[in-house]
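K.L.:
The sequence and its predicted three-dimensional model are supplied below.
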Amino acid sequence: MIRTRNLTHRYGDSVAVDGVSLSIDDGEFLLLAGPNGSGKTTLVRHFNGLLEPDSGIVEVNGEAISENVVAARTAVGMVFQDPRDGFVAATVGADVAFGPENLGLTHDEIERRVDDALAAVRLREKRDARIEALSGGERERVAIAGALAMDPDHLVLDEPFTGLDWPARRAVLERLDALHAAGKSVVVVTHDLRDVAALAGRVVVLTQGRIALDAPTDEIDPDRLTERGIRPP
């Protein structure tokens, strides 16, 4: 479970997240929606300790992140809105292998994870390619593969479909659906609920750093989403 309690985060005098209390159950598929500037990215960057709250508590699997940030980063895989923020190696295969290598896994297990992750995003043939030579959509898929290779309990993706053509988008959607079916919790940050809404059981909408709406996906009124700058399914 990922849980925040009265989480507040400020950038100078600006409040980006304002007293948010949210629980994401194990195995849940949740959409975190809202217009640009609503606090979505700031909120999820607390889920694995990339940001520290000004006040409030963040817990992952029952343990406060402040007590064990390494455990949180192992349990929560993060895919950034700009994939360049997460790359650490020059080639596709080396970048995807970086996380499993730092877990101290055997060579055979690392190879298996890298191969499976690249196959999931349909980039196995690009394993030896340099990341700088990839298209924007391919870089997004490499970032997703890197998170998948960590085999986290919870996968958080910040606007993962930006720049993807339909075949790549469909491949990612299928993989997320399979992960959810296997018991992983999935959080997708988005302002566009097309396609992905069919996979999710719950939508949480942020407005000006606060939760404005929290309901099962099939009970959401599309007009209420449109009013908040969100493209409905």
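P.N.:
The structure has been received and is ready for your questions.

K.L.:
For this protein, which segments count as helices?
P.N.:
Using DSSP state H, the helices of the chain run over residues 40-44, 69-75, 92-102, 107-120, 136-149, 166-181, 222-227.

K.L.:
Mind putting these into a markdown table with distance to Asp18?
P.N.:
(C-beta placed from N, C-alpha, C; glycine too.) Formatted as a markdown table, the helices of the chain follow (distance: least, C-beta to C-beta, whole Å):
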| stretch | distance to Asp18 |
| --- | --- |
| helix 40-44 | 10 |
| helix 69-75 | 22 |
| helix 92-102 | 32 |
| helix 107-120 | 36 |
| helix 136-149 | 28 |
| helix 166-181 | 29 |
| helix 222-227 | 20 |
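
K.L.:
which stretch among these comes nearest Arg130?
P.N.:
Each of the helices of the chain has some distance to Arg130 by C-beta to C-beta; the shortest is helix 92-102, at 7.9 Å.

K.L.:
Packing partners of the closest one?
P.N.:
Packing partners of helix 92-102 (3 or more C-beta pairs under 8 Å, 6 or more residues apart in numbering; DSSP states H and E): helix 107-120, helix 136-149.

K.L.:
Can you check which of the helices of the chain gets nearest to Thr8?
P.N.:
Here helix 40-44 is closest among those (C-beta to C-beta), at 10.3 Å.

K.L.:
pLDDT on that closest one, on average?
P.N.:
Helix 40-44 shows a mean pLDDT of 95.

K.L.:
What residues sit buried inside stretch 49-66?
P.N.:
The neighbour-count criterion (16 or more other C-beta atoms under 10 Å) identifies Gly49, Leu50, Leu51, Pro53, Gly56, Val58, Glu59, Val60, Asn61, Ile65 as the buried residues of stretch 49-66.

K.L.:
and what of stretch 211-228?
P.N.:
Going by neighbour count (16+ other C-beta under 10 Å), the buried part of stretch 211-228 is Ile211, Ala212, Leu213, Thr217, Ile220, Leu225, Arg228.

K.L.:
if I read this right, Ala168 contacts Arg122, doesn't it?
P.N.:
Yes - with contact defined as C-beta atoms under 8 Å, Ala168 reaches Arg122; the gap is 7.0 Å.

K.L.:
and for the helix or strand bottoming out on mean pLDDT in the chain, what are the contacting residues?
P.N.:
Counting by mean pLDDT, DSSP states H and E, the chain has its least confident helix or strand at helix 222-227, which shows a mean of 79. Applying C-beta atoms under 8 Å, 6 or more residues apart in numbering, the external contacts of helix 222-227 come out as Ala33, Leu193, Val205, Leu213, Arg231, Pro232, Pro233.
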